[in-house]
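Visitor: Any chance you can model this:
(one chain, ligands or ions: 2)
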Amino acid sequence: MTSRTASRWAAPYAAGPVQARVILPGSKSLTNRALVLSALATGPSTLTGALRSRDTDLMIAGLRGLGADIVGDGTTLTVTPGPLHGGAVDCGLAGTVLRFLPPLAALATGPVAFDGDEQARRRPLGTVLTALRTLGARVDGDGLPFVVHGGGSLAGGVVTIDASGSSQFVSALLLSAARFEHGVVIHHVGPSVPSRPHIDMTVDILRSAGVWVDSPAESGAADTWQVAPGPIRAVDRVIEPDLSNATPFLAAAAVTGGVVRVPAWPLRTTQAGDAIRRILDQMGATVQLDDAGLTVRGPDRLQGIDIDLHDVGELAPTVAALAALAATPSRLRGIAHLRGHETDRLAALAAEIDGLGGRVTVHPDGLTITPTSLRGGCWKSYADHRMATAGAIVGLRVAGVEVDNVATTAKTLPGFADMWAAMLAGDPVAGPGKHAR
Ligand SMILES: O=C(O)C1=C[C@@H](OP(=O)(O)O)[C@@H](O)[C@H](O)C1
Ligand SMILES: C=C(OP(=O)(O)O)C(=O)O
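Guide: Ligands and ions are numbered 1, 2, ... in the order given. Below you'll find the model as predicted:
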């Protein structure tokens, strides 16, 4: 739907160790879950420190178009639920909008037409639409564009799905299920579900809104989640900073032997991005988490890593960039599902690292990256925010890297290029709408 003009951005080269303090805007995953729950809640609620980016603005527009009133200045938003009615939703390239809003649309009184970016048409979705039909909804289409004919209510009940393509299939059904007449019981059958922390995040936020949820962790029933029907309480929330978006900045410390601190790093969190602490530690960095935030000190020699990223695939582009600059080979496992992310990230990472003279082998489940001496050149971003930030990391150590369409980082981190430049200049770094401290 949206056309974007590609342009090349000269990724800054780091002449020495990077030293920076970086304040990140709010988490995409938490903001979009909170928006959905607030729109389904029993009364108004306020979100503080919400992320404003393409993905979250698409969620806001989608919910407004279906009847929610969302007002606010920048990162503070007040959401007042309204009767849900028919309308149109632009998903852009946001997996959270594409997967989380169809179940909510099934509760509307009228047809809801979904469309999105050309690239979004290739993202896996059929599982959610088939599940909705099983739960009582009428849906025209099996992928974008499609129409959910909201009937004002949905029966809900028991459904069996294969969620090996995306954890968002499970999260999507769970988020709206308290408003289904019979709630939902989801059985997953198939290869293992990726990105489990994201489902745990969904369970956690539902419970904080007073919803009864049973998950494999408590029930012992592997791969079964259940939500009881009932009210979703309106809760005022402070959104944590986005830890996945922190990872390129932390990687800058790791690859330059520098020091980067991220204040307000939560001591306990459901965000998958928290896994970067053990990844950087394994690669040889010094990682310290305390009340002042997270501090990463880069090593003299960055080690390669052999790691299963199945649970935290979102971090794979950052880890691949680190691996390309490490002293020893790396093997990234468990991430076949990245082929259905914003782009086929396995193919894209291999093509771009190889394009600079690197050596990457693509496996059915991931990548082997053998460090070589890289040269400058064009790094394509494929409209993928995390491909663009991975190119920026590589550019810190390889002169002459040009990232095409760095503006695509606005999907979750508008102002990334300015933040990156400020980091290299030794200036304070804060994204637009910085996280309230
Ligand atoms: O629910 C979420 O907020 C997300 C779940 C994950 O999706 P997949 O399970 O498709 O990897 C993650 O990669 C994505 O960035 C955000
Ligand atoms: C996979 C990602 O996004 P989405 O929410 O669009 O699936 C991501 O941000 O890495």
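
Visitor: Now do the contacts for the closest residue to residue 227 other than its chain neighbours.
Guide: Take residue 227 and drop its neighbours on the chain: the residue closest to it by Cβ to Cβ, 6 or more residues apart in numbering is residue 177, 3.8 Å away. (C-beta placed from N, C-alpha, C; glycine too.) Counting by Cβ atoms under 8 Å, 6 or more residues apart in numbering, residue 177 makes contact with 103, 156, 183, 184, 227, 229.

Visitor: Looking at the residues you listed, which is nearest ligand 2?
Guide: Of all these, residue 103 has the smallest distance to ligand 2: 16.0 Å, by Cβ to the nearest ligand atom.

Visitor: Quickly check: the helix or strand hosting that closest one near ligand 1 or not.
Guide: Residue 103 belongs to helix 95-105 when assigned by DSSP states H and E. Yes. Counting by Cβ under 6 Å from any ligand atom, ligand 1 is contacted by helix 95-105 at 95, 96.

Visitor: swap in stretch 375-392?
Guide: No. Stretch 375-392 lies out of reach of ligand 1 by Cβ under 6 Å from any ligand atom, never closer than 8.5 Å.

Visitor: now that stretch: mean pLDDT?
Guide: Stretch 375-392 shows an average pLDDT of 98 in the prediction.

Visitor: Likewise for stretch 284-294?
Guide: Averaging pLDDT along stretch 284-294 yields 96.

Visitor: Show me the contact partners of it.
Guide: 246, 250, 253-254, 261-265, 267, 277-278, 280-281, 295-299, 301-303.

Visitor: and the residues you listed, which are buried?
Guide: Buried members of the contacts of stretch 284-294, scored by 16 or more other Cβ atoms under 10 Å, are 246, 250, 253-254, 261-265, 277, 280, 295-299, 302.

Visitor: Pull the helix holding residue 103 out as PDB, backbone CA atoms only.
Guide: Below are the C-alpha coordinates for helix 95-105, written out as PDB (Å, rounded to 0.1, in the frame of the first residue of the first chain):
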ATOM      1  CA  GLY A  95       3.100  -8.900  11.900                       C
ATOM      2  CA  THR A  96       1.400  -7.700  15.100                       C
ATOM      3  CA  VAL A  97      -1.300  -5.800  13.200                       C
ATOM      4  CA  LEU A  98      -1.700  -8.500  10.600                       C
ATOM      5  CA  ARG A  99      -2.200 -11.300  13.200                       C
ATOM      6  CA  PHE A 100      -3.600  -9.500  16.300                       C
ATOM      7  CA  LEU A 101      -6.500  -7.600  14.600                       C
ATOM      8  CA  PRO A 102      -8.400 -10.300  12.700                       C
ATOM      9  CA  PRO A 103      -9.700 -11.900  15.900                       C
ATOM     10  CA  LEU A 104     -10.700  -8.500  17.300                       C
ATOM     11  CA  ALA A 105     -12.400  -7.700  13.900                       C
END
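
Visitor: just checking, what packs against it?
Guide: Applying 3 or more Cβ pairs under 8 Å, 6 or more residues apart in numbering; DSSP states H and E, one finds that helix 95-105 makes contact with helix 28-40, helix 54-65, strand 85-90, strand 109-115, helix 126-134, strand 146-151, helix 168-177.
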